[in-house]
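Engineer: Got a sequence here, can you build the structure:
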Amino acid sequence: MMPKYKVTLTVEERQGLEKLVSRGKAAARKLTHARVLLLADAGPLGPEETDAAIVEMLGTSVRMVERVRQRFVEEGLEAALHRRPQPPRPDKVKIHGAVEKRLIDLACSEPPAGRCRWTLQLLADELVVLECVDSVSDETVRRALKKTTSPRGRSIRGVFRPRPTPSTSAAWRTSWGSTSGRTIPLNR
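Structural biologist: The predicted model follows:
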């Protein structure tokens, strides 16, 4: 089956692609796209391989070869070589400013009746009930709490302060590691 998009390189384009591939000093994706174009070239200097043969030679997918052909025909050489920019993403941060402050206040407050502590899901549900946000996941709440630098739990009842862990290495070394002032090597 003939490909829908026929790649025909000019002499200058072909020389530029061959130079790019021979140097090998570009991103792997760009080099692979250049190789696809060189193998798909239907011009007088090109081998005009089938998509299946190109896939076999380069170890890529048929869909990638089709996309490179299509972008070359529709948008030109530079578009076929370079990655298409990602579309703008919606605002990922749902919790900031006043909502973040309210979340911290909630997390530091007494938990609901019948609960010994706030869970992430309880905090997320409470933010929705209080109409701070339309919807929020427990993972978003976790990220918001993780990034805060507030000293939550310092003076509020019910939140335990971290206690230093006693070191046991000194006692262990004294009882097992020395005899009459000498240190016995542990790796025998």
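Engineer: mind listing the strands for the protein?
Structural biologist: Under the criterion DSSP state E, the chain contains strands at 178-179, 182-183.
Engineer: my read: T8 touches P44, true?
Structural biologist: No: between T8 and P44 there is no contact under C-beta atoms under 8 Å: 9.3 Å. In this view, the C-beta of every residue, glycine as well, is placed from N, C-alpha and C.
Engineer: The two: which is more packed in?
Structural biologist: Using other C-beta atoms under 10 Å as the criterion, T8 and P44 rank with T8 on top: 15 against 9.
Engineer: Spit out the contact partners of that one.
Structural biologist: Contact analysis of T8 by C-beta atoms under 8 Å, 6 or more residues apart in numbering lists 41-43, 46.
Engineer: what do you get for L9?
Structural biologist: 17, 37-38, 41, 43, 45-46.
Engineer: Break the protein down into its domains, please.
Structural biologist: 11-81, 98-147 (automatic domain parsing).
Engineer: Of those, which is nearest R89?
Structural biologist: domain 98-147 (14.7 Å; C-beta to C-beta).
Engineer: Could you tell me the end-to-end distance of that closest one?
Structural biologist: 15 Å (C-alpha to C-alpha, to the nearest Å).
Engineer: Please work out the average pLDDT along that domain.
Structural biologist: Model confidence over domain 98-147, given as mean pLDDT, is 90.
Engineer: do stretch 68-76 as well
Structural biologist: 94.
Engineer: can you pull the buried residues of that stretch?
Structural biologist: For stretch 68-76, burial by neighbour count (16 or more other C-beta atoms under 10 Å) applies to 68-72.
Engineer: Now distance to R84 too, for those residues, in TSV please.
Structural biologist: Shown next, in TSV, are the buried residues of stretch 68-76 (distance: C-beta to C-beta, whole Å):
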residue	distance to R84
V68	11
R69	15
Q70	12
R71	8
F72	13
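Engineer: If you count neighbours, what's buried in stretch 101-113?
Structural biologist: Neighbour-count burial for stretch 101-113 [16+ other C-beta under 10 Å]: 102-104, 106-108.
Engineer: which one among those residues gets closest to V55?
Structural biologist: Nearest to V55 out of the buried residues of stretch 101-113 is L103 (C-beta to C-beta; 50.5 Å).
Engineer: surely the closest one meets R142?
Structural biologist: No: using C-beta under 8 Å, L103 makes no contact with R142, being 10.7 Å away.
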